[in-house]
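**Q** Give me a model of this one.
(2 chains)
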Amino acid sequence: QQQVRQSPQSLTVWEGETAILNCSYEDSTFNYFPWYQQFPGEGPALLISISSVSDKKEDGRFTIFFNKREKKLSLHITDSQPGDSATYFCAASEAGGADRLTFGKGTQLIIQP
Amino acid sequence: DPKIIQKPKYLVAVTGSEKILICEQYLGHNAMYWYRQSAKKPLEFMFSYSYQKLMDNQTASSRFQPQSSKKNHLDLQITALKPDDSATYFCASSQEQANSDYTFGSGTRLLVI
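**A** Residues are numbered from 1 along each chain as shown, chains lettered A, B, ... in the order given. Reported below is the predicted structural model:
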């Protein structure tokens, strides 16, 4: 059973548009949700994260919206740039408890100039 | 300069052989991890170490053995290699075990033939 699900698998948007990446989870004990960005040939890099006590976290062009009741979250990338083209992973953990991250399969984002 | 060094970057091994994947981090972190990324699968947690002690092991096979000779080293020994072991293996670290903000290395891409 996949604990963290991401959709869509692949997403193409035009430069300047807002890209919306979705994530949902099963385990109610998850309370910390980092998003990682991965470029080909590199390791994932932490982009932005949110804890379950918040419903929104913003960092520049990147915003996480979190709905605890529905166990859903989304990453919004505004004013998308070609350099944002990468694979984005949603992950979940029990902050302060088990340290391991459970990852989704990722969304491959392509920004068309 | 890379903060987490993984060696080698690419590795081709024969079925049944043994290999060691090297990981060194220069972030001063106290927790280190191994994750595996296989084709069409999410990043999967394998091991976590804190202050050179094994904290969590989610790898069923004893063919995978982490080795920590120094605080900033966490190598991964894989014995009796199988084609199914083909994957990219990522080393990661965080300040403390309960901190889920990881820094990942660039990975070792292993191909078992």
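**Q** For chain A, give me the ranges with low pLDDT.
**A** Filtered on pLDDT under 70, chain A yields the residue ranges A:1, A:95-99.
**Q** Near chain B, which residues of it? Just list them.
**A** Proximity of chain A to chain B is assessed by C-beta under 8 Å from any C-beta of the partner chain, with A:2, A:4, A:32, A:34, A:36, A:41-46, A:49, A:89, A:91, A:93, A:95-106 identified as the residues in range. Quick note: C-beta positions are derived from backbone N, CA and C, even for glycine.
**Q** Sort out for me which of those residues are in strands.
**A** Among the residues of chain A next to chain B, DSSP state E puts A:4, A:32, A:34, A:36, A:45-46, A:49, A:89, A:91, A:102-103 in strands.
**Q** ok, those residues vs chain B, which is closest?
**A** Lowest distance from chain B to those (C-beta to the nearest C-beta) belongs to A:Phe103, with 4.1 Å.
**Q** if we can go back for a sec, now which of the residues of chain A next to chain B would you call buried?
**A** Using 16 or more other C-beta atoms under 10 Å in any protein chain shown as the burial test, these include A:4, A:32, A:34, A:36, A:43-44, A:46, A:49, A:89, A:91, A:93, A:95, A:98-106 as buried.
**Q** Does the least confident helix or strand in chain B by mean pLDDT reach chain A?
**A** Counting by mean pLDDT, DSSP states H and E, the weakest-scoring helix or strand in chain B turns out to be strand B:53-57, with a mean of 88. Yes - remark: strand B:53-57 sits within contact range of chain A at B:55-56, by C-beta under 8 Å from any C-beta.
**Q** Give the pairing partners of that strand; include direction for each.
**A** When pairing is defined by DSSP bridges, strand B:53-57 lines up against strand B:44-50 (antiparallel).
**Q** can you give me the helices in chain B?
**A** All residues of chain B lie outside helices when identified by DSSP state H.
**Q** Show me what from it comes close to chain A.
**A** So far as C-beta under 8 Å from any C-beta goes, chain B lies against chain A at B:4, B:31, B:33, B:35, B:40-45, B:48, B:50, B:55-56, B:58, B:90, B:92, B:94, B:97-107.
**Q** what's the residue of chain A found nearest chain B in contact with, if anything?
**A** Taking C-beta to the nearest C-beta as the measure, chain A has A:Gly43 as its residue closest to chain B, at 3.3 Å. If you count contacts by C-beta atoms under 8 Å, 6 or more residues apart in numbering or on different chains, A:Gly43 has them with B:4, B:90, B:92, B:104-107.
**Q** With A:Glu94 instead?
**A** With contact set as C-beta under 8 Å, 6+ apart, A:Glu94 has these partners: A:29-32.
**Q** host element of A:Leu109?
**A** If you go by DSSP states H and E, A:Leu109 is part of strand A:107-112.
**Q** Alpha carbons of that strand, as PDB, please.
**A** Only the C-alpha atoms of strand A:107-112 are listed here, as PDB (Å, rounded to 0.1, in the frame of the first residue of the first chain):
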ATOM      1  CA  THR A 107       5.800  14.600 -10.300                       C
ATOM      2  CA  GLN A 108       7.900  15.400 -13.300                       C
ATOM      3  CA  LEU A 109       7.400  19.100 -14.100                       C
ATOM      4  CA  ILE A 110       8.300  20.600 -17.400                       C
ATOM      5  CA  ILE A 111       8.100  24.400 -17.900                       C
ATOM      6  CA  GLN A 112       7.800  25.400 -21.600                       C
END
